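> coords please:
(chains A and B)
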Amino acid sequence: DAGITQSPRHKVTETGTPVTLRCHQTENHRYMYWYRQDPGHGLRLIHYSYGVKDTDKGEVSDGYSVSRSKTEDFLLTLESATSSQTSVYFCATGASNTEAFFGQGTRLTVV
Amino acid sequence: AQSVSQHNHHVILSEAASLELGCNYSYGGTVNLFWYVQYPGQHLQLLLKYFSGDPLVKGIKGFEAEFIKSKFSFNLRKPSVQWSDTAEYFCAVVNQGGKLIFGQGTELSVKP
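Sure, this is the predicted structure:
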């Protein structure tokens, strides 16, 4: 497996608080992605990055922001968490528009 | 807009039965196509991929998929499923700009 580390792996937070999830890679991959996985919806793309400081929105970007200040790190921020953002979040990386490799996921619960 | 649609949400088969999972995509440009598998409690793993060339591609664990450009389809097949194939299967499409989109997933349950 590619060297992709997500942190934290589990988090419980209160509604209205900010939350930042981190994805760290050691593969020097150009592309990085954040998805959320919910039953019946598959994986939905939140944001993705095609280079340092180059990001774009995905299918469900409202309420989320991202930053990529260096190749190896891609941060996902929930500015003010809501219960609808309770989900499992996956980070993925890829060298080009080829296959992506996934992290182990972060289970986020907003109460 | 780029999108992926998987027709079957939940498929139940007996061992040794044949499998075909449908996938259609929508995008006006060049794409690469993938099938991923997610076993319970795990992250996604690549089953197979299509970039160009022979439209019939073979992957791991006896899976194969056929790309039919005229139908915008990339269906997954396996001649004889095993209980260990129980998992969720995702079709995915990436465009030239690197935007990678997944379908809703198909949950496969194989009865021993």
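> and stretch B:49-62, how far apart are its ends?
End-to-end distance for stretch B:49-62, by C-alpha to C-alpha, to the nearest Å: 14 Å.
> list the contacts for residue A:6?
Residues near residue A:6 by C-beta atoms under 8 Å, 6 or more residues apart in numbering or on different chains: A:21, A:22, A:23, A:24, A:89, A:90, A:91, A:103, A:104, A:105, A:106. Placement of C-beta: from N, CA and C, glycine included.
> quick check: the closest residue to it other than its chain neighbours vs residue B:23, distance?
Among residues not flanking residue A:6 along the chain, residue A:103 sits closest, at 4.0 Å (C-beta to C-beta, 6 or more residues apart in numbering or on different chains). To residue B:23, residue A:103 is 24 Å away according to C-beta to C-beta, to the nearest Å.
> excluding residues flanking it in the chain, which one is nearest residue B:49?
residue B:34 (4.9 Å).
> can you count the residues close to residue A:10?
Counted with other C-beta atoms under 10 Å in any protein chain shown, the neighbours of residue A:10 add up to 10.
> how near is it to residue A:107?
5 Å.
> tell me, how many residues neighbour residue B:68?
11.
> residue A:104 now?
A count of neighbours around residue A:104, defined by other C-beta under 10 Å, yields 14.
> and it, what element?
Residue A:104 is part of no helix or strand, with elements assigned from DSSP states H and E.
> mind checking pLDDT for it?
According to the prediction, residue A:104 has pLDDT 93.
> nearest residue to the most centrally placed residue in chain B other than its sequence neighbours?
Nearest to the mean C-alpha position of chain B, counting by C-alpha atoms, centre = their mean, stands residue B:35 at 3.6 Å. Once flanking residues are discounted, residue B:35 sits nearest to residue B:47: 4.3 Å by C-beta to C-beta, 6+ apart.
> ok, now how distant is the one you found from residue A:64?
In terms of C-beta to C-beta, residue B:47 sits 29 Å off from residue A:64.
> how about the residues of chain A by chain B?
Chain A comes close to chain B at residues A:30-31, A:33, A:35, A:40-45, A:48, A:50, A:56, A:58-59, A:90, A:92, A:94, A:96-100, A:102-105, as judged by C-beta under 8 Å from any C-beta of the partner chain.
> and the residue nearest to residue B:55 when sequence neighbours are not counted, bridged to which residues?
Spatially, and ignoring its direct neighbours in sequence, residue B:55 is nearest to residue B:67 (4.2 Å; C-beta to C-beta, 6+ apart). Counting by DSSP bridges, residue B:67 is bridged to residue B:74.
> quick one: low-confidence ranges for chain A?
For chain A, the stretches flagged by pLDDT under 70 are A:1-2.
> tell me the contacts of the most centrally placed residue in it?
The centre of chain A sits closest to residue A:34, judged by C-alpha atoms, centre = their mean, with a distance of 3.0 Å. Contacts were defined as C-beta under 8 Å, 6+ apart; by that measure residue A:34 touches A:21, A:23, A:45-48, A:58, A:64, A:66, A:74, A:76, A:89-91.
> those residues into JSON lines, with extra columns for neighbour count?
Formatted as JSON lines, the contacts of residue A:34 follow (neighbours: other C-beta atoms under 10 Å in any protein chain shown):
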{"residue": "A:21", "neighbour count": "21"}
{"residue": "A:23", "neighbour count": "26"}
{"residue": "A:45", "neighbour count": "21"}
{"residue": "A:46", "neighbour count": "24"}
{"residue": "A:47", "neighbour count": "22"}
{"residue": "A:48", "neighbour count": "27"}
{"residue": "A:58", "neighbour count": "20"}
{"residue": "A:64", "neighbour count": "20"}
{"residue": "A:66", "neighbour count": "22"}
{"residue": "A:74", "neighbour count": "28"}
{"residue": "A:76", "neighbour count": "23"}
{"residue": "A:89", "neighbour count": "23"}
{"residue": "A:90", "neighbour count": "24"}
{"residue": "A:91", "neighbour count": "28"}
